[in-house]
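[1] Starting from these lines, generate the structure:
(2 chains)
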2 protein chains.
Amino acid sequence: MLWITLWKLVSFMKLSVFYVSDRTGITAEMLGQSLITQFDSVHFQCHTMPFVDSEARARDAVAAINLAAAADGQRPLVFSTLIDDVVRRIIRTANALVLDFFEAFIAPLESELGIPSSHAVGKSHGTGDLHTYTQRINAINFCMAHDDGVNSAGLDEAEIILVGVSRCGKTPTSLYLAMQFGIKAANYPLIPEDLDKQQLPSALLPWRKKLWGLSIRPERLHQIRSERRPNSRYAALSNCRHEIQAAEAMLRAHGIPFLESTNMSIEELSTTILHQTGLSRHLY
Amino acid sequence: MLWITLWKLVSFMKLSVFYVSDRTGITAEMLGQSLITQFDSVHFQCHTMPFVDSEARARDAVAAINLAAAADGQRPLVFSTLIDDVVRRIIRTANALVLDFFEAFIAPLESELGIPSSHAVGKSHGTGDLHTYTQRINAINFCMAHDDGVNSAGLDEAEIILVGVSRCGKTPTSLYLAMQFGIKAANYPLIPEDLDKQQLPSALLPWRKKLWGLSIRPERLHQIRSERRPNSRYAALSNCRHEIQAAEAMLRAHGIPFLESTNMSIEELSTTILHQTGLSRHLY
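    Predicted structure coming up:
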């Protein structure tokens, strides 16, 4: 036991991470996450501080960061996206390694473009114009109204229809395509009857060109289905194996391209589909 | 006409932007978008090049970037998140301003932590463990099953219930809370009958503490509803004014906090709610 504890102490360094932003913190989080995941052996404890948009809030943030530094016995990492120079200067006084993304990149951009940046807070993740907003919302609504084959009417409007067995990732992937790219994505299940007959659901026949398959490794499907209905026939590994085999055979027979979702996140699935289909995104 | 054209030529500089990544491109896009939105007067044309993970693909990317440089008569901007040194070196040969995010930040992090980074491609936006994946999917499924008040059973499981009039942004905000933070968010409409009686829907009475309101400016609501049902009573500005006034009065009377969504994106609404409620996120 002692050895295990010691080993843990040595190999897992604990470190506080702060994402500090004058707006949502989403950009700071994403950038920071993509950097810290490059250091496997460190245990990071992450905190987001959004809306740090005044000197008073900046000083509160510094106090919290310094408290963590004292508690950890190690100075934290701060990833920030701060437009305001004064706020940024205050954050810099914290007992931490402060990496600010605007500071690093705005200057080379200004010199490349030959114009000053607007220094306006909250430009990204803004609402955009009504047209863009509407396109995004319409795509989300379309996706919800055409989830899991609940509604075959209106599939002519779909830009893509994801097909696959239950729990292979169709719903979250469709939603992400709608939310992130404004794409009208429907999804339709392949149920045991379809698989036994090796026939596509009849509602999908007119839309063969828009179909895109999702598959998954049977072991993973078994795990996921077991979370939902433990010890059911539905979740049994043998049944998952049979369904996946039949689904892939059917997709191949119909010439429908498909992705294996097992080791892919929703983000990866969605961007891969966007890339491979050549669909155009409606949002940036 | 001539003057307008000339003015446009002078004030709107057109520039190609490339997001180059060895994986999804999501991080590169977000970083780049947050930077270029600081330059209002430039018209940026954005292209994402995901999965640039080999020398051959890097060379293809360079060819495309150089083609755009020649067509624009101006060298493009390249925002990249490239882990592999060889791939990055090839991208650097493009006729463009290349800002690589890992290059800028990995070195200071390595020196701070005193350990080398893993240099492994595709660490962020990965699937994570089964538990995290399941939590995210369960939150999304919960949200879909409790959208727009379709299902009052199971509201005890909700971590938050968004309430507001039709089209004020409840659905996309709930979905974003689920997708991004793994929060079980339900949403429930306030319909004209509720507003006339100034009474909360009875299904919500046991969950007063979990309610959070969304409001919107009547003019914006009128615009949004008109996209859906033009010239209807539902979309009429007078009706929107009446509904919003009644909804806000009711929320105030019941002591339910609310946000005005008019100038906020889905991302801003969701992070603000997370921040103000103190709900803990289940995903990072």
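
[2] What pairs with the one helix or strand residue A:259 maps to, parallel or antiparallel?
    Using DSSP states H and E, residue A:259 sits in strand A:258-260. Sheet pairing of strand A:258-260 (DSSP bridges) gives strand A:211-215 (parallel).

[3] Past the partner strand, which element shows up next along the chain?
    Assigned by DSSP H and E, the successor of strand A:211-215 is helix A:218-228.

[4] C-terminal to that next one, what's the next element?
    That would be, after helix A:218-228 and using DSSP H and E, helix A:237-253.

[5] Tell me what angle that following helix forms with strand A:211-215.
    Here helix A:237-253 runs at an angle of 150 degrees relative to strand A:211-215 (axes from the mean of the first three to the mean of the last three CA atoms, to 10 degrees).

[6] Next, the buried residues of helix A:237-253.
    For helix A:237-253, a neighbour-count test (16 or more other CB atoms under 10 Å in any protein chain shown) marks A:239-240, A:243-244, A:246-248, A:250-251 as buried. C-beta: built from backbone N, CA, C; applies to glycine.

[7] for stretch A:110-118, same thing?
    A:113, A:117.

[8] Quick one: distance of that stretch to the chain centre.
    31 Å (CA atoms, centre = their mean, to the nearest Å).

[9] Next: stretch A:173-193.
    For stretch A:173-193 - counting by CA atoms, centre = their mean - the centre lies 15 Å from the chain centre.

[10] One more: stretch A:267-280?
    That offset, for stretch A:267-280, works out to 13 Å (CA atoms, centre = their mean).

[11] same deal with stretch A:218-234?
    On CA atoms, centre = their mean, the centre of stretch A:218-234 falls 24 Å from the chain's centre.

[12] do stretch A:79-99 as well
    That offset, for stretch A:79-99, works out to 27 Å (CA atoms, centre = their mean).

[13] Likewise for stretch A:96-106?
    For stretch A:96-106 - counting by CA atoms, centre = their mean - the centre lies 24 Å from the chain centre.

[14] List the buried residues of it.
    For stretch A:96-106, using 16+ other CB under 10 Å, the buried residues are A:96-103, A:105-106.

[15] ok but residue A:53 is inside a strand, no?
    No: with DSSP: H, G, I helix; E, B strand; the rest coil as the criterion, residue A:53 is coil rather than part of a strand.

[16] Not counting sequence-adjacent ones, nearest residue to it?
    residue A:22 (4.4 Å; CB to CB, 6 or more residues apart in numbering or on different chains).

[17] again, but for residue A:283
    residue A:182 (4.2 Å).

[18] pretty sure the one you found is touching residue A:133, no?
    No: Residue A:182 is beyond contact range of residue A:133, at 9.8 Å (criterion: CB atoms under 8 Å).

[19] how far does stretch A:73-88 sit from the chain's center?
    Chain-centre distance of stretch A:73-88: 25 Å, with CA atoms, centre = their mean.

[20] Buried ones in that stretch, by neighbour count?
    For stretch A:73-88, by 16+ other CB under 10 Å, it's A:74-84, A:87-88.

[21] Which ones, among the buried residues of stretch A:96-106, also lie beside chain B?
    Filtering the buried residues of stretch A:96-106 for proximity to chain B (criterion: CB under 8 Å from any CB of the partner chain) leaves A:97, A:99, A:101-102, A:105-106.

[22] So which of those sit within helices?
    Members of those lying in helices (criterion: DSSP state H): A:101-102, A:105-106.

[23] Is whatever helix or strand residue A:131 lives in in proximity to chain B?
    In the assignment (DSSP H and E), residue A:131 maps to helix A:130-145. Yes: counting by CB under 8 Å from any CB, chain B has neighbours in helix A:130-145: A:130, A:133-134, A:136-137, A:140-141, A:144.

[24] how about CSV for these, with neighbour count and pLDDT added?
    Shown next, in CSV, are the residues of helix A:130-145 next to chain B (neighbours: other CB atoms under 10 Å in any protein chain shown; pLDDT from 0 to 100):
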residue, neighbour count, pLDDT
A:130, 12, 80
A:133, 21, 87
A:134, 16, 88
A:136, 23, 93
A:137, 21, 92
A:140, 22, 96
A:141, 16, 94
A:144, 21, 94
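
[25] As TSV, those with distance to residue A:34 would be great.
    Below are the residues of helix A:130-145 next to chain B laid out as TSV (distance: CB to CB, whole Å):
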residue	distance to residue A:34
A:130	32
A:133	28
A:134	31
A:136	24
A:137	28
A:140	26
A:141	31
A:144	30
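
[26] Residue ranges of each domain in chain A, please.
    Per the record, chain A has its domains at A:13-113, A:130-277, by automatic domain parsing.

[27] Could you dump these into JSON lines and include distance to residue B:219?
    As requested, the domains of chain A are exported to JSON lines (distance: least, CB to CB, whole Å):
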{"stretch": "domain A:13-113", "distance to residue B:219": "24"}
{"stretch": "domain A:130-277", "distance to residue B:219": "11"}
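
[28] Can you name the residues that contact residue A:190?
    Contact analysis of residue A:190 by CB atoms under 8 Å, 6 or more residues apart in numbering or on different chains lists A:163-165, A:201, A:247, A:250.

[29] Looking at these, spot the one nearest residue B:31.
    residue A:164 (32.5 Å; CB to CB).

[30] Now the phi/psi pair for that closest one, please.
    Main-chain dihedrals, residue A:164, degrees, to the nearest 10: phi 170, psi 170.

[31] so it touches residue A:189, yeah?
    Yes: assessed by CB under 8 Å, residue A:164 is found in contact with residue A:189 at 7.3 Å.

[32] Name the residues contacting each of these two.
    residue A:170.

[33] Those two: who's more crowded?
    Neighbours were counted for residue A:164 and for residue A:189 using other CB atoms under 10 Å in any protein chain shown; residue A:164 has more, 27 against 19.

[34] can you tell me how far that one sits from chain B?
    14 Å (CB to the nearest CB, to the nearest Å).

[35] excluding its backbone neighbours, what's nearest that residue?
    Counting by CB to CB, 6+ apart, the nearest residue to residue A:164 once its immediate chain neighbours are dropped is residue A:214, at 3.8 Å.

[36] and residue A:198, what is it in contact with?
    A:246, A:249-250, A:253.

[37] how far away is residue A:161 from residue A:209?
    10 Å (CB to CB, to the nearest Å).

[38] Those two: which is more packed in?
    Set residue A:161 next to residue A:209 and count neighbours by other CB under 10 Å: residue A:161 wins out with 25 against 8.

[39] first to last residue in stretch A:37-48, what's the distance?
    From its first residue to its last, stretch A:37-48 covers 17 Å (CA to CA, to the nearest Å).

[40] Same check on stretch A:255-273?
    End to end - CA to CA - stretch A:255-273 spans 16 Å.

[41] Assess the claim that residue A:76 and residue A:65 are in contact.
    Yes: using CB under 8 Å, residue A:76 makes contact with residue A:65 at a distance of 5.7 Å.

[42] Can you check which residues contact both of these two?
    Common neighbours of residue A:76 and residue A:65 (CB under 8 Å, 6+ apart) are A:16, A:18, A:94-96.

[43] Burial check on residue A:46, number of neighbours?
    17.

[44] how close does it get to residue B:51?
    Taking CB to CB, one finds residue A:46 at 27 Å from residue B:51.

[45] quick one: low-confidence parts of chain A?
    Residues of chain A meeting the criterion pLDDT under 70: A:1-12, A:122-128.

[46] All good on my end, thank you.
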